[in-house]
Every structure is written in structure tokens, then in C-alpha cells.
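Enquirer: Whatever this is, show me its structure:
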Amino acid sequence: MKFKLISCEIFFREMEFLLEQSPHAIDVEFLQKGLHDIPTEEMLKRLQAQVDKASEQDYDAILLGYGLCNNGLVGLRARGVQLILPRAHDCITLFFGSRKKYQAYFDANLGTYFLTTGWIERDEVAEELKELSIPNQLGMDMTYEQLVEKYGEDNAEFLKEELCDRGKNYSQITFIEMGVEPDDRFEKIAREEAASKQWNYEKVAGDLTLIRCLLNGNWNPEDFLVVPPGAKISADHTEQIVTINTDT
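Expert: Residues are numbered from 1 along each chain as shown. I've put the predicted structure just below:
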């Protein structure tokens, strides 16, 4: 079969490793990680454009290397080709290999910030996406001096504490090792970042099962949503996470 893969670039190493093992012919389009930080309607518009373009070609399915991603995929419509989406809130589920494994780790390690090789390696974001990003629009990327200049000293103190301290809800960094790392330099970066913040650090083994099933066409309904032509993706506030919306 012939597939089109549209994926966030943080999966680049994992996807490239598994693409060689897939029995199918798969054309690949990697999109910038920075899409996660722009408004959801803008992310949807860009993904829909890629889906529409791929739908003009002779593919059996369009595979999405994404989770629901802050509802950035809600409303994404299949055109003439079915869409395949993992049942996942975000990419961390795919790195853990299952929703249950991710949920179990999350419940036992509250306040954890996850890192992988892809998250570290693909940290640079195009200027255009930076300008559109929600943190940029809210002033979360501004220095204290810039906040004072724009909002005044009293407001700057509040904004710096409430908006700009992105790490205030975290106390641990967990590096997910996927077995595709070129060496240990990315783990060292994660470990050093945890030390600099005085957070706990842990390394865990990831699992390629979900990504492998996506690429190999093993789309069991428990782990994947198959969106037929004409339907679109909708959020489902149950363990299913995503469902099909057939509204026109």
C-alpha cells in the first residue's frame, strides 16, 4: 500500500528508523515543532492544507504523526483519502508506546517535564512561528525589563511571576530514551537542565510500538482513529480521546 505521513518533526529519528522496516511505500512530510505553540485555528489551517495537498495524490491513507495536541487537530477533515490518527492527547503517549503506560507514569510522577532527543534537537523554531506563538503574544518570552517598559513595574512583577515562569509547576525532568539516539549527548543536556533548575532527573525507556503500528498499517481501533473521506476529527472527552464527526 502507499501512504503519506504528515508528522511533527520531533519524531524524525523514530520515524526514519521505522520507515525502513515498514512493508508499505510511505512518502513523508515533517512539519515544524513550533506549530504546537501557535493558536489552534492556525495550526489546524496549516495541517488541513497539507492534508488537502496529499489528498490530490494516489494514497491509500494519510498517516498523522500527532496527538490531539491541545485540540490543534480538532476539525481536521479527510478529503478523498482516509486519515489515520493515534488516540493520544499529545506526543508523549507515542513515546511511551501506549496511553496506559503514559498515564501510569504521569500519575506516579506529578510535575514531570518530558524530554526526548527530538524535543531537544528540534528546539529551534522559525521566526514566523515564534511571532505567532501564544507565549510570544502573551509576553511570556519577554525579559523583566521589557515587561516593565510595556506594562509598568507593578504589572511586570505580576506578569513575570504568573506568566513567564513556565517551570513553576514542574519539579522533575524525565528523558525518554527511544533507542534511536546517536549517542548520549541529548541525555546529558536533559540531565544538566534538571540540575540547573534543581529538579529531580530520571531516564526511562520509551516504546516504539504505537509509531511502528501507525507506519505498518496495524490500526487497531483501541489505539487509532480511522477517519473516512468527508468526515473530520473531533475531541472525545473519554478514554477514546478522539472520534469522528460527520457534520458537513
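Enquirer: so where do the strands sit in the protein?
Expert: Taking DSSP state E as the criterion, the chain carries its strands at 2-8, 25-31, 61-65, 83-86, 112-115, 172-177, 200-205, 224-227, 232-236, 241-245.
Enquirer: What pairs with the last one, parallel or antiparallel?
Expert: If you go by DSSP bridges, strand 241-245 pairs up with strand 232-236 (antiparallel).
Enquirer: picking up where we left off before, can you lay out the strands of the chain as JSON lines showing distance to Y102 and mean pLDDT?
Expert: Where C-beta positions appear, they are placed from N, C-alpha and C, glycine not excepted. As requested, those are arranged in JSON lines below (distance: least, C-beta to C-beta, whole Å; pLDDT from 0 to 100):
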{"stretch": "strand 2-8", "distance to Y102": "17", "mean pLDDT": "97"}
{"stretch": "strand 25-31", "distance to Y102": "23", "mean pLDDT": "96"}
{"stretch": "strand 61-65", "distance to Y102": "16", "mean pLDDT": "98"}
{"stretch": "strand 83-86", "distance to Y102": "12", "mean pLDDT": "98"}
{"stretch": "strand 112-115", "distance to Y102": "9", "mean pLDDT": "95"}
{"stretch": "strand 172-177", "distance to Y102": "10", "mean pLDDT": "97"}
{"stretch": "strand 200-205", "distance to Y102": "11", "mean pLDDT": "97"}
{"stretch": "strand 224-227", "distance to Y102": "16", "mean pLDDT": "98"}
{"stretch": "strand 232-236", "distance to Y102": "17", "mean pLDDT": "94"}
{"stretch": "strand 241-245", "distance to Y102": "12", "mean pLDDT": "94"}
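Enquirer: Could you dump these into a markdown table with mean neighbour count and distance to E193 added?
Expert: Compiled in a markdown table, those are given as follows (neighbours: other C-beta atoms under 10 Å; distance: least, C-beta to C-beta, whole Å):
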| stretch | mean neighbour count | distance to E193 |
| --- | --- | --- |
| strand 2-8 | 21 | 21 |
| strand 25-31 | 15 | 25 |
| strand 61-65 | 25 | 25 |
| strand 83-86 | 24 | 27 |
| strand 112-115 | 20 | 8 |
| strand 172-177 | 20 | 6 |
| strand 200-205 | 14 | 9 |
| strand 224-227 | 21 | 33 |
| strand 232-236 | 19 | 32 |
| strand 241-245 | 17 | 29 |
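Enquirer: can you list the ones you listed in a markdown table and add distance to A104?
Expert: Compiled in a markdown table, those are given as follows (distance: least, C-beta to C-beta, whole Å):
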| stretch | distance to A104 |
| --- | --- |
| strand 2-8 | 24 |
| strand 25-31 | 30 |
| strand 61-65 | 23 |
| strand 83-86 | 18 |
| strand 112-115 | 12 |
| strand 172-177 | 13 |
| strand 200-205 | 11 |
| strand 224-227 | 21 |
| strand 232-236 | 21 |
| strand 241-245 | 16 |
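Enquirer: So which of those strands is nearest L73?
Expert: In terms of C-beta to C-beta, the element of the strands of the chain nearest to L73 is strand 232-236, at 5.2 Å.
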